[in-house]
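Asks: let's see this in three dimensions:
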Amino acid sequence: MPQLNFLWNMPRVYKRLLSVVIDSAFITLAFWGAYWARWGSFEVVYSSLNWAVFSVSLIATLVAFAKLGLYRAILRYLTFHALFVVFVGALISILSVTLTSFFADANIPRSVPIIYGAFLILLCGGSRLIMRVLVAQSFEKGHERVVIYGAGSTGRLLAMALRHSDTYKVKAFIDHDKTLSGTVIQGVRVCWLNELEDLIEKKSVRKVLLALPKATRSEKKAIIDSLVHLPVEVLTVPRMTDIVSGKAKIDELRDVPIEDLLGRDPVVPQKSLMQADIKDKVVLITGAGGSIGSELCRQIICQQPKQLILFEVSEFALYNIDKELNNIKAEEGLIDLEIMPFLGSVQRQNRLVAIFDTFGVQTVYHAAAYKHVPMVENNVVEGVRNNLFGTYYAAKAAIEAGVESFVLISTDKAVRPTNVMGASKRMAEMALQALASDCDKTRFTMVRFGNVLGSSGSVIPLFKKQVAEGGPITVTHPDIIRYFMTIPEAAQLVIQAGAMGRGGDVFVLDMGEPVKIVDLAKDLVRLSGLELKTEDNPHGDIALKFTGLRAGEKLFEELLIGDDVSGTAHERIMTTSEAFLPLPDFESIIKQLDVACHNFDHQSIRRILLDTPTGFAPTHGIGDLLWRAKRQPSAVDELPPMQPSKPLKLVQQPQTK
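Replies: Down below sits the predicted model:
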């Protein structure tokens, strides 16, 4: 209330003096009001003894209130403790009236102190409650009105934390438990889900806070689906593990994690598979600073390797992951673990051999790759060099140094590739298959999966940035779909799949249901409390803009080349039998490709990729920036698939049991 602002802005000492004056008036009114209630008149009140009793009780009550801390209480944060202080002070005041009247032989009936105490509690306690409500309403104007979804222990703790918040005002709880519907918790009503729309309209609710840290992702997805059509922003409390560990506070609200939109619950990893190739062994990760590589490092360090060797071409990325892992090492007390960071490129086989041999590396996880389709299309030679030759050289180095297990992190874009990145990754798989057929010392395994959430260059951070900037959200095509998986789950499954390999195995991860990218973009807009701008809703907040498929981009990705797929000991890991080239044939191809790359002969590179049985079917011409700068675009860029000059016979890979 604006007319009361002068009260709220008074210095605290003045507020305390005003409280003393008002309490004095209440004590006076309660004392003489008790006489009137008892006698029905004031005829016998005005005697010197009664005035003496009143004076003593007034001083005793004010002193009691002050000593009990009542005048130090802040009305805005008034709790039950302050009312208890009023009650105790009233008891002391009743006692002072009773004792003073007894020793002074004043004509005060025994019922008067009791009536006086009741009046005093009502006046002093009730007035403070009224003032607390007025203060709360005064400070409520700048608050956003919110509803807490979940009236359990977490929801109650959140409501308590937000009670004194300068940001939010809780207007209701929402809960599926029908026994709680209509009840009141901490002064806030618990409502049923179908009442939420009325709350949004009548109470101007703008945010829904999810207080369900223990719910599974599938449960959260069902809840989010029920909220996504409403004009509210949806936020969530941190994970319970973060709250318990002290990494986050319950009122540190966050955007709904994108993995909750997918509704995919992770499977508890099998400990025996997680430790088989890691525990007490020397483990090396190439591309250790990347999205998958760094998560592999975090998962591997928990399995107690003997040594953890980081191999990365980017100095900054290597510095970051080395620093993070050493912090984890200190926190977990892994005193005996040695973390060794190495700068280097996987294209330098002699560097890899030196490291593998010197430290006796037993397990290699090969995550180093160029994975962004447009970047590889613009830089064909470097993409082929890093993805294919880097894998081939790393595998040859592993054989030379006697590495026990070599695991390649592959991609769904290697299946019937339409771009150079996918073709180079499929050839990297074929390189390991060919080497595995001729080597018994090193066990080669390939693990193929789709997109991971939150990786560098991922579409999700881009969408969030575009929403924050007011749009538009750019989507390449309205029908494009992708498979998604969280980075931690992908890393765990890679480690477990690698432990199941026997040699030359191709494993594919169960990615769940594919997600339509345009639906994902729409959900992100709605969960931000915004509206989509469409022809039917021209006054919306965020527009969708379709930019067209990029060079080499598919509408949908696949994980299998053929139909020969079978399950494994893990419910989310499958294995497939795929044909491959014998090692002599593959080495002949890679020698030709090496010469073509050295000479920047993009026509020959394209022809070799087309000739090799990778299933490469490019949708665009040669996109290399250097090639296009040197030559005018012409029909020569659009090379059709060509038959190999020498027929290549594929060998069928035996099925892993």
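Asks: residues contacting the residue sitting nearest the centre point of the chain?
Replies: Relative to the mean C-alpha position of the chain, the nearest C-alpha, by C-alpha atoms, centre = their mean, is the one of residue 257, at 4.2 Å. Going by C-beta atoms under 8 Å, 6 or more residues apart in numbering, residue 257 touches residue 236. Where you see a C-beta, it was placed from the backbone N, CA and C, and this is true even at glycine.
Asks: any idea how far residue 508 is from residue 387?
Replies: 19 Å (C-beta to C-beta, to the nearest Å).
Asks: looking at these two, which one has more neighbours?
Replies: residue 387 (28 against 24; other C-beta atoms under 10 Å).
Asks: quick one: stretch 92-102 to chain centroid distance?
Replies: In terms of C-alpha atoms, centre = their mean, to the nearest Å, the centre of stretch 92-102 is set 63 Å apart from its chain centre.
Asks: could you export that stretch as CSV, CA atoms only?
Replies: Taking C-alpha atoms only, stretch 92-102 is exported to CSV below (Å, rounded to 0.1, in the frame of the first residue of the first chain):
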residue,chain,number,x,y,z
ILE,A,92,4.2,-12.7,32.6
SER,A,93,1.9,-9.8,32.4
ILE,A,94,-1.0,-11.9,33.9
LEU,A,95,1.3,-13.0,36.7
SER,A,96,2.3,-9.4,37.4
VAL,A,97,-1.3,-8.3,37.6
THR,A,98,-2.2,-11.2,39.9
LEU,A,99,0.7,-10.7,42.3
THR,A,100,0.5,-6.9,42.4
SER,A,101,-3.3,-6.9,43.1
PHE,A,102,-2.8,-9.6,45.8
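Asks: where does pLDDT dip in the stretch 1-150 of the chain?
Replies: 1-15, 39-48, 69, 71-82, 104-107, 132-142 (pLDDT under 70).
Asks: now with 50, please.
Replies: Across the stretch 1-150 of the chain, residues meeting the criterion (pLDDT under 50) sit at 1, 3.
Asks: and what of the chain?
Replies: 1, 3, 634-645, 657.
Asks: biggest helix in it by residues?
Replies: When the chain is parsed with DSSP state H, its longest helix is helix 12-39.
Asks: contacting residues around the following helix or strand past that helix?
Replies: Next in sequence after helix 12-39, counting helices and strands by DSSP states H and E, comes helix 48-67. Here helix 48-67 makes contact (C-beta under 8 Å, 6+ apart) with 20, 23-24, 27-28, 31-32, 35, 71, 85-86, 88-90, 92-93, 96-97, 100-101, 104-108, 120, 124.
Asks: cool, stretch 146-160 as well?
Replies: Here stretch 146-160 has contacts from 162, 168-175, 177, 180, 185-186, 188, 190-191, 196, 199, 205-214, 223, 227, 232, 237, 240, 250-251, using C-beta under 8 Å, 6+ apart.
Asks: quick one, strands of the stretch 551-657 of the chain?
Replies: 565-567, 573-576 (DSSP state E, counting those that start in this stretch).
Asks: who does the last one pair up with?
Replies: What that stands for is strand 573-576. Taking DSSP bridges as the criterion, strand 573-576 sits next to strand 505-509 (antiparallel), strand 565-567 (antiparallel) in its sheet.
Asks: ok, and the closest non-adjacent residue to residue 429?
Replies: residue 446 (5.0 Å; C-beta to C-beta, 6 or more residues apart in numbering).
Asks: please name the bridge partners of the one you found.
Replies: Residues in beta-bridge contact with residue 446 (DSSP bridges): residue 408, residue 506.
Asks: list the residues that contact it.
Replies: Per C-beta under 8 Å, 6+ apart, neighbours of residue 446: 407, 408, 410, 429, 432, 433, 505, 506, 507.
Asks: select from these the one having the most neighbours.
Replies: Highest count within the contacts of residue 446 by other C-beta under 10 Å belongs to residue 432, 29 neighbours.
Asks: quick check: which element contains that residue?
Replies: Assigned by DSSP H and E, residue 432 falls in helix 420-436.
Asks: that helix vs strand 505-509, what angle?
Replies: With axes from the mean of the first three to the mean of the last three C-alpha atoms, to 10 degrees applied, the angle from helix 420-436 to strand 505-509 works out at 140 degrees.
Asks: residue numbering should commence at 16 henceforth.
Replies: Right, with 16 as the first residue, what we last looked at is helix 435-451.
Asks: helices or strands next to helix 435-451 in the packing?
Replies: Using 3 or more C-beta pairs under 8 Å, 6 or more residues apart in numbering; DSSP states H and E as the contact test, the elements touching helix 435-451 are helix 388-393, helix 395-399, helix 405-416, strand 420-424, strand 458-463, helix 598-613, helix 617-626.
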